[in-house]
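S.K.: coords below, sequence missing:
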């Protein structure tokens, strides 16, 4: 656990009295909320269906805990550990989770709408059908995570890492993906319409059937990506690198635009944006 977050636990005036106000009856598994606060978390505990809305406990340890369908809306849990925890269908809307660790967590159908999970870690996590709508995810690490069917519409994923992640059928419409890394990711039939993906890397990504209508891919790296059946209507590819892309056809590229700095496969040309 980073030292800064340990200091936050010591410095934060959480108070056992405040915890008692939240606690009420014992939670699932006989665990009391005041006890969770006093111990700085509850690794391995049964907290299925627990009511912990608004809990403030930076740096908390919930490693391997069962938090299925728990209510943590608006919770303040920056730097917390949820490594290998079961968070399926958990409610974390608007929660403060900056720098938290969800590595290998099971989070299918969880609700993290408008949550702050910037700089959080989700390596190899099961994030299928998770609601990340309008979430703040800048700099988060989602390497090798399973995000099939996830909802990231209008999310801020700038600088986030999705290397080798599964994003089949994910909804990233209007997301801010500037500088994000999708290298080797699977984005088959994902929706990136109107997304800002300036400077993003899609190097070697499977983008079969991906939607990129009106998306801004200025300066993006698509080297070796598979663009078979990709929707490129009004896609801005100015300065983008399309070296060795697969599946691209001249008819589809004709719907996009670029500039003199756009790197194209041999024999391809592109309309200049604004012309």
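M.R.: Noted; the coordinates are in hand. From a predicted model like this one, the values you see are computed outputs, not experimental measurements.
S.K.: What count of nearby residues applies to the nearest residue to residue 107 once chain neighbours are set aside?
M.R.: Nearest residue to residue 107 in three dimensions, chain neighbours excluded: residue 87, at 4.5 Å (C-beta to C-beta, 6 or more residues apart in numbering). Heads up, the C-betas are built off the backbone N, CA and C, glycines and all. Neighbour count of residue 87, defined by other C-beta atoms under 10 Å: 29.
S.K.: Return the distance of residue 87 relative to residue 105.
M.R.: 6 Å (C-beta to C-beta, to the nearest Å).
S.K.: Check residue 182 too.
M.R.: Residue 182 is 21 Å from residue 105, by C-beta to C-beta.
S.K.: of these two, who's got more company?
M.R.: Shown here are residue 182 and residue 105; by other C-beta under 10 Å, residue 182 has more neighbours (33 against 30).
S.K.: Would you confirm that that one contacts residue 202?
M.R.: Yes. Counting by C-beta atoms under 8 Å, residue 202 is a contact partner of residue 182 at 4.9 Å.
S.K.: From residue 207, how far off is residue 231?
M.R.: 10 Å.
S.K.: before we move on, what about residue 53?
M.R.: For residue 53 relative to residue 207 (C-beta to C-beta), the value is 39 Å.
S.K.: ditto for residue 151
M.R.: Counting by C-beta to C-beta, the gap from residue 151 to residue 207 is 19 Å.
S.K.: Just want to know which of these two has more residues nearby.
M.R.: Set residue 151 next to residue 207 and count neighbours by other C-beta under 10 Å: residue 207 wins out with 27 against 22.
S.K.: Please name the nearest non-neighbouring residue to the residue most central in space within the chain.
M.R.: In the chain, the residue lying closest to the centroid (C-alpha atoms, centre = their mean) is residue 137, at 5.8 Å. Residue nearest to residue 137 in three dimensions, not counting chain neighbours: residue 157, with 4.7 Å by C-beta to C-beta, 6+ apart.
S.K.: residue contacts, that neighbour?
M.R.: 137, 138, 140, 172, 175, 176, 177, 180 (C-beta atoms under 8 Å, 6 or more residues apart in numbering).
S.K.: Over to residue 87?
M.R.: Neighbours of residue 87 in contact, by C-beta under 8 Å, 6+ apart: 67, 68, 70, 102, 105, 106, 107, 110.
S.K.: same thing with residue 170?
M.R.: 147, 148, 149, 150, 151, 152, 187, 190, 191.
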